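A.B. asks: I would like the atomic coordinates for the input below:
(one chain, ligands or ions: 1)
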Amino acid sequence: MDKILVRGGKPLKGSVQIRGAKNAALPLMAATILAEDTCVLHNIPCLHDIFSMDKLLADMGMTIDFTGRSMTMEPQNLHKAEAHYELVRKMRASFFVLGPLLARFGKCRVSLPGGCAIGTRPVDIHLKGLEALGASIRIEDGYVVAEGKLSGVNYALDFPSVGATENLMMAATRAEGVTRLTNVAREPEIEDLAHFLNAMGARISGAGTDLITIVGVDALGGAEHIVMPDRIEAGTFLTAGIATGGDVTVLNAKAEHFPNFLKKLQATGAVVEIQGNKIRAHAPNGINSVDITTQPFPGFATDLQAQMMVLMTRANGVSRIKETVFENRFMQVPELVRMGADIDVDGNTAIVRGVKSLSGAPVMASDLRASAALVIAGLMAQQGETAISRVYHIDRGYERIEERLVGLGADIERVRE
Ligand code: UD1
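C.D. replies: Below is the predicted model of the structure:
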């Protein structure tokens, strides 16, 4: 197992290229199940989660060529409408294949994903939505067995779940008639998926609003698409820049993908400059505390909560950070406290009192975004070395993070344990 060693105290400076969004790429890959011809996805990030989805689709009979950052996917020989437990348990996003498999084959078997570190993460909204579209669903030996011919329906989701919106939108592309989904997620990744599906011949409108209308079609063809940039990665690098007293510019990022986050950065006193697809942030006059409440888009993204919390550990004043999307997403707190942060957790709210500085310590990564927060904390530490173990969590969502941070002047390295 690898470890990441960080010796902090150096301001990050310079620019970094943002990769394609993992959370867009995974559902896009699942969507190719619906196609009857070759699809090409560009700007795919090289991440463990992408390799897991690649493996899952290959197991179903998809021919995949992943060269550079482009993935050519040939779904012509898909024959197995099943997602095995061994593959789904490693990555929850594997569950995105349920909707497309059902729409294409009329019957499928997909393992239930189970919980994970940040919460129980049920899939009831996915299943209720598919039932509303006409599927019959039963749970058998830990698997969801779904079958039936899908027809258009007016359906309101109980909560704007990102994954459920994606699953239902994909399933409805080949349903008979018109589907209207309300109270859907409005995340930019939903729009990216709708663009790709429409390029394949689907008839989807309203993605990005809270009403998505899908006119069912008989078949979908091949298409080519460029994956949107990763707004969470961009937010992580910008936070790391400010947190270290540096000056970082992210390239190939879109400000409209994370407006609430950028507004919060500005509220801390940071200067944020947006120029086309470049975003620069620096905080020449220190950091003021801000309160944050995570919410579905366009609210503050839960995937940037842990990183923002680290920034608040050195802010002037007290910050209240409320997590409303996941029930257990403060895994970074005990580790940050060990590095000298002053944080109390009260239910779903963390109270962060700014301190002068953090110091390095051995810490453990627990989930993807909490791990990114620990890397930032290590970079901020004015003394000592931070050794982060279980870095496979980071590799799920950040491509060679240490090399890119070295490019910004960080003293960070990966070592084999
Ligand atoms: C996606 C993102 C993840 C992000 C999250 C919220 C991907 C691959 N992952 O995850 O990075 O943190 O959106 O922005 O895109 N819920 C239910 N029942 C359901 C579905 C969800 O109760 O059937 C709950 C979840 O437990 C969670 C909340 O709804 O508390 C939000 O989950 P959801 O939006 O579905 O997140 P994911 O799609 O899993």
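A.B. asks: Identify each buried residue in stretch 382-398, please.
C.D. replies: 384, 386-391, 393-398 (16 or more other C-beta atoms under 10 Å). For every residue, glycine as well, the C-beta is placed using N, CA and C.
A.B. asks: chain center to it: distance?
C.D. replies: Chain-centre distance of stretch 382-398: 18 Å, with C-alpha atoms, centre = their mean, to the nearest Å.
A.B. asks: Can you pull the phi and psi angles for the closest residue to the ligand within the chain?
C.D. replies: The chain approaches the ligand most closely through Gly163 (2.8 Å), counting by C-beta to the nearest ligand atom. Phi and psi for Gly163, reported as degrees, to the nearest 10, are phi -60, psi -40.
A.B. asks: Over to the one 3 residues further on?
C.D. replies: Listed backbone geometry of Glu166 is phi -70, psi -40, with angles given as degrees, to the nearest 10.
A.B. asks: Isn't it up against Phe96?
C.D. replies: Yes: the pair Glu166 / Phe96 is scored as a contact, 5.9 Å apart, by C-beta atoms under 8 Å.
A.B. asks: if I pick Val352, what's in contact with it?
C.D. replies: 289, 309, 312-313, 315, 318-321, 341-343 (C-beta atoms under 8 Å, 6 or more residues apart in numbering).
A.B. asks: redo that, cut-off 10 Å
C.D. replies: Contact analysis of Val352 by C-beta atoms under 10 Å, 6 or more residues apart in numbering lists 289, 291-292, 308-315, 317-321, 333, 336, 341-345.
A.B. asks: I figured Ala240 hits Gly246, correct?
C.D. replies: Yes: with contacts defined as C-beta atoms under 10 Å, Ala240 counts as touching Gly246 at a distance of 7.8 Å.
A.B. asks: Have a look at the two and say which one is more surrounded.
C.D. replies: With neighbours defined as other C-beta atoms under 10 Å, Ala240 and Gly246 compare such that Ala240 has more, 27 against 20.
A.B. asks: Give the buried residues for the helix or strand harbouring the more buried one.
C.D. replies: Assessed by DSSP states H and E, Ala240 sits inside helix 231-243. Residues 231-243 are the ones in helix 231-243 that count as buried (16+ other C-beta under 10 Å).
A.B. asks: Flag every residue of the stretch 51-200 of the chain that's near the ligand.
C.D. replies: 92-93, 119, 121-126, 159, 161-164, 185 (C-beta under 6 Å from any ligand atom).
A.B. asks: can you do 8 Å?
C.D. replies: 92-93, 96, 118-128, 158-166, 185, 187, 189 (C-beta under 8 Å from any ligand atom).
A.B. asks: What is the burial count for Met170?
C.D. replies: Neighbours around Met170, by other C-beta under 10 Å: 30.
A.B. asks: circling back: okay, and which of the contacts of Val352 map to helices?
C.D. replies: Cross-referencing the contacts of Val352 against helices under DSSP state H gives 308-312, 333, 336.
A.B. asks: Of those, which pair is most distant in space?
C.D. replies: Farthest-apart pair in these is Leu311 and Val333; separation 14.3 Å (C-beta to C-beta).
A.B. asks: So the two - more neighbours on which side?
C.D. replies: Set Leu311 next to Val333 and count neighbours by other C-beta under 10 Å: Leu311 wins out with 28 against 20.
A.B. asks: Assess the claim that the more buried one and Ala283 are in contact.
C.D. replies: Yes: Leu311 lies in contact with Ala283 (C-beta under 10 Å); the separation is 9.2 Å.
A.B. asks: any shared contact partners between these two?
C.D. replies: By C-beta under 10 Å, 6+ apart, the residues touching both Leu311 and Ala283 are 242-243, 265, 268, 270.
A.B. asks: can you list the residues you listed in a markdown table and add pLDDT?
C.D. replies: What follows is the shared contacts of Leu311 and Ala283, written out as a markdown table (pLDDT from 0 to 100):
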| residue | pLDDT |
| --- | --- |
| Ile242 | 98 |
| Ala243 | 97 |
| Leu265 | 98 |
| Thr268 | 97 |
| Ala270 | 98 |
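A.B. asks: what sits against Pro334?
C.D. replies: Pro334 touches 341, 343, 345, 363-364, 366, counting by C-beta under 10 Å, 6+ apart.
A.B. asks: PyMOL command for the buried members of these?
C.D. replies: Buried residues within these, by 16+ other C-beta under 10 Å, are selected in PyMOL with:
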select buried, resi 341+343+363+364+366
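A.B. asks: now, which of the contacts of Pro334 lie within strands?
C.D. replies: 343, 345, 363-364 (DSSP state E).
A.B. asks: Can you list the low-confidence ranges for the stretch 51-200 of the chain?
C.D. replies: Scanning the stretch 51-200 of the chain for pLDDT under 70 picks out 114-116, 118-120.
A.B. asks: Break down it into its helices, ranges please.
C.D. replies: In the stretch 51-200 of the chain, the helices defined using DSSP state H, counting those that start in this stretch lie at 85-88, 98-105, 124-132, 162-172, 188-199.
A.B. asks: Which elements pack onto the third one?
C.D. replies: Of the remaining helices and strands, those touching helix 124-132 by 3 or more C-beta pairs under 10 Å, 6 or more residues apart in numbering; DSSP states H and E are helix 98-105, strand 136-140, strand 143-147, strand 154-156, helix 162-172, strand 178-182.
A.B. asks: chain center to it, what's the gap?
C.D. replies: Centroid displacement of helix 124-132 relative to its chain, using C-alpha atoms, centre = their mean, is 22 Å.
A.B. asks: And the fourth one, by the same measure?
C.D. replies: The chain centroid and the centroid of helix 162-172 are separated by 16 Å, computed with C-alpha atoms, centre = their mean.
A.B. asks: between that helix and helix 188-199, how many degrees?
C.D. replies: Angle of helix 162-172 versus helix 188-199, following axes from the mean of the first three to the mean of the last three C-alpha atoms, to 10 degrees, is 10 degrees.
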